[in-house]
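*Asks:* Predicted model and sequence follow; I will ask about them next.
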Amino acid sequence: MGTGATPTTYALGLSRRQLLATGSVAAVGAGLGSGGSVREANAQQAAPSGGAPAAQQQKGPQHLKFPGKDEGLVVLGDRPLVAETPESLLDDDTTPTAKFFIRNNGIPPETVDVDKWEFVIDGEVDKPVKFTITELKSKFPNVTRRLVLECGGNGRSFYSPPARGNQWTNGGVGCAEWTGVRLSDVLKAAGVKKSAKFTGHYGADGHLSGEAGKVSLSRGVPIKKAMDENNLLVWAMNGQPLPIIHGGPLRLIVPGWPASVSAKWVTRVWVREKEHDGPGMGGTSYRVTINPMVPGGKTDEKNFRDLESMPVRSIVTSPANGTKLAAGTRELKLRGASWAGDRAVKFVDVSTDYGATWVRAKLSPPKNKYDWQRWTASVKVPSDGYYEIWSRATDTANVAQPHVAANWNPQGYGANPMHRIAVLIG
Ligand SMILES: Nc1nc2c(c(=O)[nH]1)N[C@H]1C(S)=C(S)[C@@H](COP(=O)(O)O)O[C@H]1N2
Ligand SMILES: [Mo]
């Protein structure tokens, strides 16, 4: 920490959601909605319970037990396996593989044959192509980039009323170093026709029903996004062969957009003459409203569009939520991360007085486009006691994180409220 204080934990293992369930912070949560009684009622109802399973609320978070993964990860679902990373475990510049969040929609393959793996591009191309991983490595320039991968539902738990799906707090994100070839190079090798409008991505995982050949998830992007040079077909993560749980031996990384387009165990990119219609496209899946809807209200499917660039977000990665600091501590050294989908982060501000006043953080530039931006700040506090630290990032289009999860939608995409942690001094 560098503050000279000895941090211990008074709320060990408690998520922010659970911290909000304690009297004092719940009152704060409700106070946020000063706009009217309805919002306050919602906040009071929703803050303590959210969508977290009742069992989890009683037992506390369920920690991940998985070979090679950090036990600090919190399980949000076990079939399929979904686990998020507490913000304080995202304190490394490059997220170690052990701390990287896990999201599956289907049943991951148990074993994979790296040497026999084949990747196909077909559809609206001059000549369909098929490459083994060895061929990809030798035929196209190999590149390594640090890229943010973020689940489209990251932040969903902050919606009021609760939205359907895994109740991510802020931990459906990681920023690893990925090695592979540019998707655009491989698309060019196939020759993208004028008629090409969209891609459809296919992976080798099974459907939860167990039905053979049934696809669990197949999403895609407009051809313009697909041709962006920052998209990679990767076989390595943080310098090691890509683990099966993260899509090894080969996956797509399409940074800046919901990670659901970054197909794991990728076998095929189908270039299409129309918008892709695989599972996970259309309806309200990975989609946000065009005109704002009444939270919890009736859904009009015509009022939705695909969530494309992820919204701006920041997190405090040190100190951890619930840190106890020695009496007399008057200066807090803060560290965090920030990112903004297709945009960059322009600045990050932090507050220790619920947003009444803000201090500008020191922001690092990204290593490369779509890297996250680390930040540090030093803030003073006038006394011992309970403090909340809030962080708020603003992107290059001057769009900042809102106070609350905004633009409610039934499946809860695009929630990016400011991050709040609590610390106790003395
Ligand atoms: N084939 C396949 N690819 C997939 C998924 C999936 O279920 N199957 N899940 C997607 C979603 S929703 C997310 S958030 C990311 C998660 O990647 P990770 O488990 O490596 O963190 O993978 C994406 N790619
Ligand atoms: Mo996701």
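*Replies:* Structure received. Ligands and ions are numbered 1, 2, ... in the order given.
*Asks:* Return the distance of stretch 65-81 from the chain's centre.
*Replies:* Computed by CA atoms, centre = their mean, to the nearest Å, the chain-centroid distance of stretch 65-81 equals 16 Å.
*Asks:* Does that stretch reach ligand 2?
*Replies:* No - judged by CB under 5 Å from the ion, stretch 65-81 and ligand 2 are separated, with a smallest distance of 10.9 Å. Using the backbone N, CA and C atoms, a C-beta is placed for each residue, glycine as well.
*Asks:* Give me the average confidence score over that stretch.
*Replies:* If you average the pLDDT over stretch 65-81, you get 96.
*Asks:* Between its first and last residues, what's the separation in that stretch?
*Replies:* This stretch, stretch 65-81, spans 11 Å end to end (CA to CA, to the nearest Å).
*Asks:* With stretch 363-383 instead?
*Replies:* Using CA to CA, the end-to-end distance of stretch 363-383 comes to 27 Å.
*Asks:* okay, the residue nearest to D122 when sequence neighbours are not counted: pLDDT?
*Replies:* What sits nearest to D122 in space, not counting adjacent residues and going by CB to CB, 6 or more residues apart in numbering, is P128, at 3.9 Å. For P128, the model assigns a pLDDT of 98.
*Asks:* and P128, how many neighbours?
*Replies:* 14 (other CB atoms under 10 Å).
*Asks:* which ones are touching it?
*Replies:* Contacts of P128 were listed using CB atoms under 8 Å, 6 or more residues apart in numbering, and they are 120-122, 190.
*Asks:* is Y386 in a bridge, and if so with what?
*Replies:* L424 (DSSP bridges).
*Asks:* That one: neighbouring residues, count only.
*Replies:* Y386: 12 neighbours (other CB under 10 Å).
*Asks:* Name the residues of the protein found near ligand 2, please.
*Replies:* Near ligand 2, when you scan the chain using CB under 5 Å from the ion, you find 103, 151, 259-260.
*Asks:* List the buried residues for stretch 180-194?
*Replies:* 180-187, 189-190, 192 (16 or more other CB atoms under 10 Å).
*Asks:* Can you give me the neighbour number for the residue in the stretch 301-426 of the chain that ligand 2 sits nearest to?
*Replies:* Ranked by CB to the ion, the top residue of the stretch 301-426 of the chain for proximity to ligand 2 is Y413, at 9.5 Å. A count of neighbours around Y413, defined by other CB under 10 Å, yields 29.
*Asks:* Model confidence at it, what's the number?
*Replies:* The model's pLDDT for Y413 equals 98.
*Asks:* Distance check, it against T323.
*Replies:* 31 Å (CB to CB, to the nearest Å).
*Asks:* what's the closest of the buried residues of stretch 180-194 to L252?
*Replies:* Among the buried residues of stretch 180-194, L183 lies closest to L252 (CB to CB), at 6.6 Å.
*Asks:* For L147, see how far away the closest residue to the closest one other than its chain neighbours is.
*Replies:* Spatial nearest neighbour of L183, chain neighbours left out: N231 (4.1 Å); criterion: CB to CB, 6+ apart. Distance from N231 to L147, counting by CB to CB: 9 Å.
*Asks:* How about R272?
*Replies:* For R272 relative to L147 (CB to CB), the value is 25 Å.
*Asks:* more crowded one of these two?
*Replies:* Of the pair R272 and L147, L147 is the one with more neighbours under other CB under 10 Å, namely 27 against 19.
*Asks:* Not counting sequence-adjacent ones, nearest residue to the residue in the chain that ligand 2 sits nearest to?
*Replies:* Nearest residue of the chain to ligand 2 (CB to the ion) works out as C151 at 3.3 Å. Ranked by CB to CB, 6+ apart and with sequence neighbours excluded, the top spatial neighbour of C151 is G172, at 3.4 Å.
*Asks:* wait, doesn't that neighbour sit right on R103?
*Replies:* Yes - if you go by CB atoms under 8 Å, G172 and R103 touch, sitting 6.8 Å apart.
*Asks:* how many other residues sit next to the residue nearest to G191 when sequence neighbours are not counted?
*Replies:* Spatial nearest neighbour of G191, excluding adjacent residues (CB to CB, 6+ apart): D126 at 3.1 Å. By other CB under 10 Å, 10 other residues sit near D126.
*Asks:* quick one, what contacts D126?
*Replies:* D126 touches 190-191, 193, counting by CB under 8 Å, 6+ apart.
*Asks:* now R420, which residues is it bridged with?
*Replies:* In beta-bridge terms (that is, DSSP bridges), R420 pairs with W390.
*Asks:* W390 is in contact with that one, correct?
*Replies:* Yes - with contact defined as CB under 8 Å, R420 counts as touching W390 (5.1 Å).
*Asks:* Give me the more crowded residue out of these two.
*Replies:* R420 (24 against 21).
*Asks:* Tell me where this structure has helices.
*Replies:* 16-21, 23-31, 37-49, 54-59, 133-139, 183-190, 223-226 (DSSP state H).
*Asks:* So V381 versus S309, what's the distance?
*Replies:* Per CB to CB, V381 is found 36 Å from S309.
*Asks:* now do G341
*Replies:* From G341 to S309 the distance is 3 Å (CB to CB).
*Asks:* tally of neighbours for the residue nearest to D342 when sequence neighbours are not counted?
*Replies:* Closest residue in space to D342, ignoring its immediate chain neighbours: S309 at 3.9 Å, by CB to CB, 6+ apart. Counted with other CB under 10 Å, residues neighbouring S309 total 15.
*Asks:* Number the residues from 282 up from this point.
*Replies:* Understood, numbering begins at 282; the last thing we discussed is S590.
*Asks:* thought S590 was touching A625?
*Replies:* No - using CB under 8 Å, S590 is not in contact with A625; the gap is 11.5 Å.
*Asks:* Now do the residue nearest to C432, the pLDDT please.
*Replies:* pLDDT, G453: 98.
*Asks:* what are the phi and psi angles of it?
*Replies:* Backbone torsions for G453, taken as degrees, to the nearest 10, come to phi -90, psi 50.
*Asks:* Could you pull up the residues touching it?
*Replies:* Per CB under 8 Å, 6+ apart, neighbours of G453: 365, 382, 384, 431-432, 434-436, 447, 540.
*Asks:* Name the nearest residue to I526, sequence neighbours excluded.
*Replies:* I526's closest residue in space is I383 (CB to CB, 6+ apart), at 5.9 Å.
*Asks:* I'd like to know how far that neighbour sits from W546.
*Replies:* Distance from I383 to W546, counting by CB to CB: 14 Å.
*Asks:* And these two? Which one has more around it.
*Replies:* I383 (24 against 21).
*Asks:* before we move on, the earlier item: give the residues shared as contacts by N512 and L428.
*Replies:* 534, 536.
*Asks:* Please name the nearest non-neighbouring residue to the residue nearest to the spatial centre of the chain.
*Replies:* Centroid-nearest residue in the chain: E431, 2.7 Å away (criterion: CA atoms, centre = their mean). Distance criterion CB to CB, 6+ apart; nearest residue to E431, sequence neighbours excluded, is V454 at 4.2 Å.
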